[in-house]
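In: no FASTA, just this:
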């Protein structure tokens, strides 16, 4: 962690951090009583900080110099920490890190009005396990920068090491840098979305310019040299165009091989996905005539849930639904999973539609699914399993379910967003 002063600028102040807030920033009171949020700190840190903005009377600060380390501080393992905007909590000691996340979950449960006795604890995932990543790439003189943006910044941090990425992704960095260089010949920046799937790397180049013939040919050579499964190009129209596919990329859900579209949204780690799926399956312990899998994606839970009953898998993305259908046809399980296109954010299931299901599994975006949950609270569905990556939106939606007569039966947490304030929840709600 930086101990030497940064360049001067802004109003500077000295403060001792009192606690770490839910978003991962250190919190302290200034002499005039106002709150300040200072990222990359822990409780007990005494820092010289400076203002970088103000919001609703709260001072947004940043460290100029670490004057005295708090008892819960450790040396961050990554040399890019503090510059890269990815990790927030590498400075937090191991003995403090998981309890911090557990407290976030407990606060959410209490806020929703439920008893903490239903919380079954936190499960952690190995740090170097992230299989899904989006890099930014820029051309700088004769060099190609490949990495991540700084926190609240457009600065690109050129990555040589990352403590959260899967080793296979780290090993691929030199080849990915060469791929980025191909597409940076006539533009300043591009994006590279990379998924580590069961049979290699699936890479999507996000660019604003059409891929030239030479770029396509050079990409084919690079893919063959590095044995990448597929490389696709995506322009302004947002429709991926495969440049080379040596083998169809796939992942395994519930024992079934599922082809994935370019740039597919997958759970961050295979281990984390396994823990979430196991929890969902344990919470739905019986047999069911019909199960609704809401925000089903490519079928993360749907294929496992098919063991318990007929699954109607609702998803807005056309390509994700095609992946489900291809896997269903290949496995000859037609009728056990019914992929259904529907934008649940704009067009949530009605109470009458929900009443047709014995159980519901939902895994919405970070903001939750309030309109859908409003209807779910009024439904007669007996069992609801809610998977969430945001304790705050979960607490809001859980409050709605409680008001509708649901009680919280079980909840577990999974830490698969290592060294960030994010935490996954799997919870079961029941209505008598």
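Out: Received, thanks. Keep in mind it's a predicted model, so treat the numbers as computed, not measured.

In: hey, let's count contacts and neighbours off CA atoms from now on
Out: Fine.

In: wait, residue 303 touches residue 257, no?
Out: No: contact criterion CA atoms under 8 Å: residue 303 and residue 257 do not qualify, at 9.7 Å.

In: look at those two and report which has more neighbours.
Out: residue 303 (26 against 20; other CA atoms under 10 Å).

In: skipping adjacent residues, who's closest to the more buried one in space?
Out: Excluding the flanking residues, the one nearest residue 303 by CA to CA, 6 or more residues apart in numbering is residue 254, at 5.0 Å.

In: am I right that the one you found is in contact with residue 304?
Out: Yes: the criterion here is CA under 8 Å, and residue 254 meets it with residue 304 at 4.1 Å.

In: need the contact list for the residue nearest to residue 303.
Out: 300, 301, 303, 304, 305 (CA atoms under 8 Å, 6 or more residues apart in numbering).

In: equivalent analysis for residue 26, please.
Out: Residue 26 neighbours (CA under 8 Å, 6+ apart): 17, 18, 19, 20, 37, 38, 39, 40, 41, 42, 43.

In: can you list the residues you listed in CSV and add secondary structure?
Out: Below are these laid out as CSV (DSSP: H, G, I helix; E, B strand; the rest coil):
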residue, secondary structure
17, coil
18, coil
19, strand
20, strand
37, strand
38, strand
39, coil
40, coil
41, coil
42, coil
43, coil
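
In: just the buried residues of those residues.
Out: 17, 18, 19, 20, 37, 38, 39, 40, 41, 42, 43 (16 or more other CA atoms under 10 Å).

In: find the centremost residue of the protein, please.
Out: residue 268 (6.1 Å; CA atoms, centre = their mean).

In: which SS class is that residue?
Out: Applying three-state DSSP: residue 268 is coil.

In: and it, what does it touch?
Out: 129, 130, 131, 132, 416, 417.

In: one more time with 7 Å
Out: By CA atoms under 7 Å, 6 or more residues apart in numbering, the contact set of residue 268 is 130, 131, 132.

In: quick one: it from residue 152, how far?
Out: Going from residue 268 to residue 152 by CA to CA, to the nearest Å gives 22 Å.

In: and for residue 237?
Out: For residue 237, the distance to residue 152 - CA to CA - is 27 Å.

In: and residue 126, by the same measure?
Out: 27 Å.

In: comparing the two, which residue is more hemmed in?
Out: residue 126 (15 against 7).

In: burial count for residue 219?
Out: 21.

In: now it, what's its secondary structure?
Out: Per three-state DSSP, residue 219 ends up helix.

In: please renumber the chain so that the first residue is 544 from this point on.
Out: Fine by me, first position is 544 from now on; the one you just mentioned is residue 762.

In: low-confidence stretches in the stretch 844-975 of the chain?
Out: For the stretch 844-975 of the chain, no stretch has pLDDT under 70.

In: which parts of it are strands?
Out: 853-858, 880-884, 902-905, 926-931, 950-958, 967-973 (DSSP state E, counting those that start in this stretch).

In: tabulate those strands (a markdown table), appending distance to residue 745.
Out: Output for the strands of the stretch 844-975 of the chain, formatted as a markdown table (distance: least, CA to CA, whole Å):
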| stretch | distance to residue 745 |
| --- | --- |
| strand 853-858 | 22 |
| strand 880-884 | 24 |
| strand 902-905 | 27 |
| strand 926-931 | 26 |
| strand 950-958 | 25 |
| strand 967-973 | 25 |
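
In: rewinding a little: just the contacts of residue 569 now: which is nearest residue 821?
Out: Closest approach to residue 821 among the contacts of residue 569 (CA to CA): residue 563, at 31.1 Å.

In: beta-bridge partners for the nearest residue to that closest one once chain neighbours are set aside, please?
Out: What sits nearest to residue 563 in space, not counting adjacent residues and going by CA to CA, 6+ apart, is residue 569, at 4.3 Å. Here residue 569 sits in beta bridges with residue 563, residue 581, going by DSSP bridges.

In: find me the pLDDT at residue 569, would you?
Out: In this model, residue 569 is scored at 96, pLDDT.

In: what does the one 4 residues further on give?
Out: With respect to pLDDT, residue 573 has a value of 93.

In: which ones are touching it?
Out: residue 579.

In: ok, now how distant is it from residue 603?
Out: 12 Å.

In: before we move on, what about residue 578?
Out: 9 Å.

In: so which of the two has more stuff around it?
Out: Taking neighbours as other CA under 10 Å, residue 578 and residue 603 compare with residue 603 leading, 19 against 15.

In: secondary structure element holding that one?
Out: Using DSSP states H and E, residue 603 falls within strand 601-611.

In: wait, which of the strands of the stretch 844-975 of the chain is closest to residue 611?
Out: Closest among the strands of the stretch 844-975 of the chain, using CA to CA: strand 950-958, at 29.2 Å.

In: which residues in this protein form helices?
Out: Secondary structure of the chain (DSSP state H): helices at 637-654, 710-714, 716-726, 756-769, 813-826, 845-848, 861-874, 894-897, 913-920, 934-946.

In: most tightly surrounded among the ones you listed?
Out: Burial of these is given as mean neighbour count (mean count of other CA atoms under 10 Å); helix 845-848 ranks first at a mean of 25.

In: other SSEs contacting that one?
Out: strand 853-858 (3 or more CA pairs under 7 Å, 6 or more residues apart in numbering; DSSP states H and E).

In: what do you get if the cut-off is 10 Å, keeping everything else the same?
Out: Contact partners of helix 845-848 among helices and strands, from 3 or more CA pairs under 10 Å, 6 or more residues apart in numbering; DSSP states H and E: strand 793-796, strand 799-802, helix 813-826, strand 833-837, strand 853-858, helix 861-874, strand 880-884.

In: which one of the ones you listed lies nearest to residue 645?
Out: Nearest of those (CA to CA): helix 813-826, 16.5 Å.

In: orientation of the closest one relative to strand 926-931 in degrees?
Out: 160 degrees (axes from the mean of the first three to the mean of the last three CA atoms, to 10 degrees).

In: list the helices and strands helix 813-826 packs on?
Out: Looks like helix 813-826 contacts strand 662-667, strand 793-796, helix 845-848, strand 926-931, strand 950-958, strand 967-973 (3+ CA pairs under 10 Å, 6+ apart).
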